[in-house]
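Asks: here's a sequence, model it:
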Amino acid sequence: MNIIIPGTPIAKKRPRFARRGKFNAVINDQETEEGRFLFHVLLQVKKKLTGPVYVEIGFYFRRPKGHFGTGRNAGKLKTSAPPYHIVKPDSDNLVKFAFDCLNNVAWVDDAQIVQHIAEKVYDGEPRTEIFIKEL
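Replies: Predicted coordinates for the structure are as follows:
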């Protein structure tokens, strides 16, 4: 099963807590982002997997303007531009967000994932590509 989510990859944020009188409330700032992610997933997922699962997930980011030259070198990549995406967001938080959104949609629970490979890459159009295979 292949799933492509257009747009800049999203990382899982830490939950925030607030006091409401005697009670503590948990605030989820990512409900809108999860909804957009799920919208694209539901269009592409045909069935929910129930067995062990293998996942390959690629997070593709657009290069910042600072990686490119100016003037006559506009559009050319600077030699000092890093080849790898080694800045935030962290790959583990990107994976956590994607796996949490895919729970009960592509698989029953993310505990079914027995192996996964994740990579962050600079590429033209920002997107998240997910390949899922039931073992």
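
Asks: doesn't residue 119 make contact with residue 60?
Replies: No - if you go by Cβ atoms under 8 Å, residue 60 and residue 119 don't touch, sitting 9.2 Å apart. (Glycine included, C-beta is placed from N, CA and C.)

Asks: show me what the helix or strand that contains residue 54 is packed up against.
Replies: Assigned by DSSP states H and E, residue 54 belongs to strand 53-61. Judged by 3 or more Cβ pairs under 8 Å, 6 or more residues apart in numbering; DSSP states H and E, the packing partners of strand 53-61 are helix 91-102, strand 113-122, strand 127-134.

Asks: which among the ones you listed is found nearest to residue 53?
Replies: strand 113-122 (5.0 Å; Cβ to Cβ).

Asks: quick revisit: only the buried residues of the strand holding residue 54, if you could.
Replies: 53, 55, 57-61 (16 or more other Cβ atoms under 10 Å).

Asks: and those residues as JSON lines, adding pLDDT and distance to residue 126?
Replies: Output for the buried residues of strand 53-61, formatted as JSON lines (pLDDT from 0 to 100; distance: Cβ to Cβ, whole Å):
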{"residue": "53", "pLDDT": "96", "distance to residue 126": "25"}
{"residue": "55", "pLDDT": "97", "distance to residue 126": "20"}
{"residue": "57", "pLDDT": "97", "distance to residue 126": "14"}
{"residue": "58", "pLDDT": "97", "distance to residue 126": "11"}
{"residue": "59", "pLDDT": "97", "distance to residue 126": "9"}
{"residue": "60", "pLDDT": "97", "distance to residue 126": "6"}
{"residue": "61", "pLDDT": "96", "distance to residue 126": "6"}
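
Asks: ok, of the residues you listed, which one's closest to residue 109?
Replies: The closest of those, once distances to residue 109 are taken by Cβ to Cβ, is residue 53, at 9.9 Å.

Asks: so that closest one versus residue 130, what's the distance?
Replies: 11 Å (Cβ to Cβ, to the nearest Å).

Asks: again with residue 123
Replies: Taking Cβ to Cβ, one finds residue 123 at 15 Å from residue 130.

Asks: which one's more surrounded, those two?
Replies: residue 130 (23 against 14; other Cβ atoms under 10 Å).
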